[in-house]
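Trainee: coords below, sequence missing:
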């Protein structure tokens, strides 16, 4: 077969994600990734368009009570709070191996909740670790199926994009790309620089090499977070992505384990209190505080911070046409003045 060479321009964010996957060992090279991506897209293009767009949702709304199959079992069985007495925990990652702040693209905590629940169910009564690739596949599959279910509910509620619980879940049409993003950001992997991904940065999981294979386990903090009741997963309540105990756990945990991140959150809250109440004003403040970051990095950082602060109910967001303004909640005031 003759080979044809194409030269393409990729956004920096996309190239970064491809390199992360190559470094993690999922692909031998960038070329291997591009070939796999092209093959997957050609497969999608040859499918029935309705199947690609909506898949099983053509049958109408699905009840979660054991009716949605995913890899490894029914959706509800992958997400139910397990018997936590049977889940062994491990030591958190060394601080030198993980980020001291949360990456801007890790814009929600809810996807992390799905990962720790899936992982807890996979390792209960079966040792401290599970194979990383198996956890990546199962967590991404569960998140995709659950995301599709949540999207249907949110459309019925008339919810706007910025307010959607399903925002960071891999439910969109390009399944390969959506799942790859979820695995990279919300499960994690090993790179030459350490452990990547939001769960490890939050010290909720640890990823190690055992006999040449990448393995993942829950820390005590990860198990505590997995154990807390979640409104969406446990009650099918779509009013918010996290319960009050989950929000309290995360805000306390961030102060203790990621002081640099907590201080950056406090800076944002202080700027809002002082009158920087819109994205442009906050962007300028971030630029002054972090002059070495370029515009793309600043936008990503700002968007992720504001999204997470909103999810934790530390700020409120008000829309007037195309304009957005922010204010502190009572919880935001408490977080700001707390130790």
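Mentor: Received, thanks. From a predicted model like this one, the values you see are computed outputs, not experimental measurements. Numbering: from 1, shown residues only.
Trainee: Nearest residue to residue 240 in space, please, no chain neighbours.
Mentor: In this structure, residue 240 finds its nearest non-sequential neighbour in residue 231, 6.0 Å apart by Cβ to Cβ, 6 or more residues apart in numbering. C-betas here are computed from N, CA, C, even on glycine.
Trainee: Test my guess that that neighbour contacts residue 239.
Mentor: Yes: between residue 231 and residue 239 there is a contact at 6.7 Å, judged by Cβ atoms under 8 Å.
Trainee: Please say which of these two ends up with more neighbours.
Mentor: Each of residue 231 and residue 239 has its neighbours counted (other Cβ atoms under 10 Å); residue 231 has more, 17 against 9.
Trainee: Tell me the predicted confidence for the more buried one.
Mentor: On pLDDT, residue 231 comes in at 96.
Trainee: mind checking how far the residue nearest to residue 240 is from residue 79?
Mentor: According to Cβ to Cβ, to the nearest Å, residue 231 and residue 79 sit 13 Å apart.
Trainee: go on, residue 228?
Mentor: Residue 228 is 13 Å from residue 79, by Cβ to Cβ.
Trainee: Quick check on the two: which one has the bigger neighbour count.
Mentor: Shown here are residue 228 and residue 79; by other Cβ under 10 Å, residue 79 has more neighbours (24 against 19).
Trainee: shouldn't that one be in contact with residue 118?
Mentor: Yes: with contact defined as Cβ under 8 Å, residue 79 counts as touching residue 118 (7.1 Å).
Trainee: List the buried residues of stretch 268-281.
Mentor: 268, 269, 271, 272, 276, 277, 279, 281 (16 or more other Cβ atoms under 10 Å).
Trainee: can you give me the end-to-end distance of it?
Mentor: The first residue of stretch 268-281 is 11 Å away from its last residue (Cα to Cα, to the nearest Å).
Trainee: Contacts for it, please.
Mentor: 282, 284-285, 302, 305-306, 309, 314-315, 323-328, 332, 335-336 (Cβ atoms under 8 Å, 6 or more residues apart in numbering).
Trainee: Among the residues you listed, name the buried ones.
Mentor: Neighbour counting over those (16+ other Cβ under 10 Å) leaves 282, 285, 302, 305-306, 309, 314-315, 326, 328, 332, 335-336 as the buried ones.
Trainee: Which helix or strand in the chain has the lowest average pLDDT?
Mentor: helix 49-54 (a mean of 31; mean pLDDT, DSSP states H and E).
Trainee: pLDDT at residue 39, what is it?
Mentor: Residue 39 is given a pLDDT of 59.
Trainee: you'd agree residue 207 is in a helix?
Mentor: No: looking at residue 207 with DSSP: H, G, I helix; E, B strand; the rest coil, it is strand, so not inside a helix.
Trainee: quick one: it and residue 213 touch, right?
Mentor: No: applying Cβ under 8 Å as the test, residue 207 and residue 213 come out as separate, 10.9 Å apart.
Trainee: follow-up on the earlier one: just the buried residues of stretch 268-281 now: which is nearest residue 30?
Mentor: Of all those, residue 30 sits closest to residue 279, with 33.5 Å by Cβ to Cβ.
Trainee: ok, and the closest non-adjacent residue to residue 206?
Mentor: Leaving out its chain neighbours, the residue that sits closest to residue 206 by Cβ to Cβ, 6+ apart is residue 93, at 4.7 Å.
Trainee: what about that neighbour, neighbour count?
Mentor: 21.
Trainee: all numbers from here: first residue = 56
Mentor: Let's use 56 as the start, then, which means that last one is residue 148.
Trainee: so what's it up against?
Mentor: 249, 250, 255, 258, 261, 262.
Trainee: about what we covered before: among the buried residues of stretch 323-336, which are in strands?
Mentor: Using DSSP state E, no member of the buried residues of stretch 323-336 sits in strands.
Trainee: farthest pair in those residues?
Mentor: 324 and 334 (15.0 Å).
Trainee: domain ranges for the protein?
Mentor: Listed by automatic domain parsing, the domain ranges of the chain are 63-103, 127-290, 313-392.
Trainee: Could you tell me the least trusted of the ones you listed?
Mentor: domain 63-103 (a mean of 63).
Trainee: and residue 295, what is it in contact with?
Mentor: Per Cβ under 8 Å, 6+ apart, neighbours of residue 295: 220, 286, 368.
Trainee: same thing with residue 215?
Mentor: Per Cβ under 8 Å, 6+ apart, neighbours of residue 215: residue 374.
Trainee: In a markdown table, list the buried ones among the contacts of stretch 323-336 along with secondary structure.
Mentor: Shown next, in a markdown table, are these (three-state DSSP):
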| residue | secondary structure |
| --- | --- |
| 337 | helix |
| 340 | helix |
| 357 | helix |
| 360 | helix |
| 361 | helix |
| 364 | helix |
| 369 | coil |
| 370 | strand |
| 381 | strand |
| 383 | strand |
| 387 | helix |
| 390 | helix |
| 391 | helix |
